[in-house]
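>>> with the input below, show me the fold.
(one chain, ligands or ions: 2)
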Amino acid sequence: MLTNLRVWLNHFEYHAEQPRGARSGSPSGLCTEERRLISRSIALFQLGEQSDGTGLLRAAYRFALAHGDELLPRITELFIREEQRHARLLREFMDEHGIRVKCHHWSDAIFRRVRRLAGFELYLHVLITAELIGNVYYRALESVTGCQRLRVLCRTLIADELAHVGYGSELILELRARKPAALRTWIRLLHRAFFCAAAGAVWISHRAVLRRAGHTATGFLRVCLEQYAFHLEPPAAWVGAQRPTPGGVSVPVSVGFGERAAPQCPAGASTGQPRAPDRGQ
Ligand SMILES: [Fe+2]
Ligand SMILES: [Fe+2]
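Ligands and ions are numbered 1, 2, ... in the order given. Sure thing, here's the model as predicted:
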């Protein structure tokens, strides 16, 4: 049985009742040039956040049955609901700003196909890949806009995703610790390779936004890998020991990222954004 499921159930139940807000009173102000820059990119992420979650839920039920983790299906339901809320929040923002929805993209199709290949554990690996890279992206998106509404939305998504990463990494490390050392090494190497490929795919599809945020291709990969190492390659002493979990309290938004002031985009202006210093160097 997995160790901290009760803590995570409390966390997801609390946030189902008190969802982090992204709408209330945040003024908009997406200028024309920003809209042009982010439209395709944000539509792709909205597509990625969108899922009915039936495959994941089925995998969670099967895993719970096999391992006696009866809380897991309920946690998974709440987790899926939170992801669907992300898709809804992004969709609302896009609708408000006349950004068209995307229905299909090759990178999204690959992610969906890979996670259907096996059981719950593989789902966890694919999900955490998307979440770790997604958080680097949302931080970049936040940094290239002066639109307060979009900045609050990015921070909301990052806060939720950090908790998801905490949950996913804890499960992955606990399950991994039960395997023989050689198998653990193989899983880690394969996942790292998949993670690098996924970060490369995100770079290709979102490089306009990422470059504007100051990333180079290698710099972006390095920041993503730092996040990977922080969450999935913790010091040996943490694995199987009392690792910090959110436990129903808010997760700090800024873990692992540098803070940077947002560019100012005057209302109605369509000027270029100042280029940020290259974080990848
Ligand atoms: Fe999400
Ligand atoms: Fe997530």
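>>> now the residue in the chain that ligand 1 sits nearest to: closest residue in space, sequence neighbours ignored.
Of all residues in the chain, the one sitting closest to ligand 1 is His86 (3.7 Å; CB to the ion). For every residue, glycine as well, the C-beta is placed using N, CA and C. Excluding the flanking residues, the one nearest His86 by CB to CB, 6 or more residues apart in numbering is Glu49, at 4.3 Å.
>>> contact partners for the one you found?
Residues in contact with Glu49 (CB atoms under 8 Å, 6 or more residues apart in numbering) are 83-84, 86-87, 90.
>>> contacting residues for Ile172?
121, 124-125, 128, 232 are the contacts of Ile172 under CB under 8 Å, 6+ apart.
>>> list just the nearest of the residues you listed to Glu33.
The closest of the contacts of Ile172 to Glu33 turns out to be Ile128 (CB to CB; 33.8 Å).
>>> so how far is whichever strand or helix holds Thr218 off the chain centroid?
Using DSSP states H and E, Thr218 maps to helix 217-232. How far helix 217-232 lies from its chain's middle: 13 Å, per CA atoms, centre = their mean, to the nearest Å.
>>> the residue of the chain closest to ligand 1: how many residues sit nearby?
His86 is flanked by 23 other residues according to other CB atoms under 10 Å.
>>> can you tell me the SS state at it?
Here His86 is helix, with the state taken from DSSP: H, G, I helix; E, B strand; the rest coil.
>>> ok so, going back, could you export the contacts of Ile172 as JSON lines, including secondary structure?
Converted to JSON lines, the contacts of Ile172 look like this (three-state DSSP):
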{"residue": "Glu121", "secondary structure": "helix"}
{"residue": "Leu124", "secondary structure": "helix"}
{"residue": "His125", "secondary structure": "helix"}
{"residue": "Ile128", "secondary structure": "helix"}
{"residue": "Leu232", "secondary structure": "helix"}
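>>> residues in contact with the residue of the chain closest to ligand 1?
Contacts for His86 (CB under 8 Å, 6+ apart) come out as 49, 157, 160.
>>> what's downstream of the helix or strand hosting the second one, the next helix or strand?
Under the criterion DSSP H and E, the helix or strand holding Leu157 is helix 148-177. The element immediately downstream of helix 148-177 (helix or strand, assigned by DSSP H and E) is helix 181-212.
>>> and the angle from that next one to helix 148-177?
Between the axis of helix 181-212 and that of helix 148-177 there is an angle of 170 degrees, by axes from the mean of the first three to the mean of the last three CA atoms, to 10 degrees.
>>> buried set for helix 181-212?
When burial is assessed from 16 or more other CB atoms under 10 Å, helix 181-212 yields the following buried residues: 184, 187, 191-192, 195, 198-199, 201-203, 205-206, 209-212.
>>> over to stretch 58-75?
Within stretch 58-75, the residues scored as buried using 16+ other CB under 10 Å are 59-60, 63-64, 69, 72-73, 75.
>>> turn these into a markdown table, including distance to Tyr228.
Converted to a markdown table, the buried residues of stretch 58-75 look like this (distance: CB to CB, whole Å):
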| residue | distance to Tyr228 |
| --- | --- |
| Ala59 | 23 |
| Ala60 | 23 |
| Phe63 | 23 |
| Ala64 | 27 |
| Asp69 | 25 |
| Leu72 | 24 |
| Pro73 | 28 |
| Ile75 | 23 |
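>>> would you format those as JSON lines with pLDDT, distance to Thr218 and secondary structure included?
Supplementary listing: the buried residues of stretch 58-75 in JSON lines, determined by pLDDT from 0 to 100; distance: CB to CB, whole Å; DSSP: H, G, I helix; E, B strand; the rest coil:
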{"residue": "Ala59", "pLDDT": "94", "distance to Thr218": "35", "secondary structure": "helix"}
{"residue": "Ala60", "pLDDT": "95", "distance to Thr218": "37", "secondary structure": "helix"}
{"residue": "Phe63", "pLDDT": "94", "distance to Thr218": "37", "secondary structure": "helix"}
{"residue": "Ala64", "pLDDT": "95", "distance to Thr218": "41", "secondary structure": "helix"}
{"residue": "Asp69", "pLDDT": "92", "distance to Thr218": "40", "secondary structure": "coil"}
{"residue": "Leu72", "pLDDT": "96", "distance to Thr218": "38", "secondary structure": "helix"}
{"residue": "Pro73", "pLDDT": "96", "distance to Thr218": "41", "secondary structure": "helix"}
{"residue": "Ile75", "pLDDT": "97", "distance to Thr218": "37", "secondary structure": "helix"}
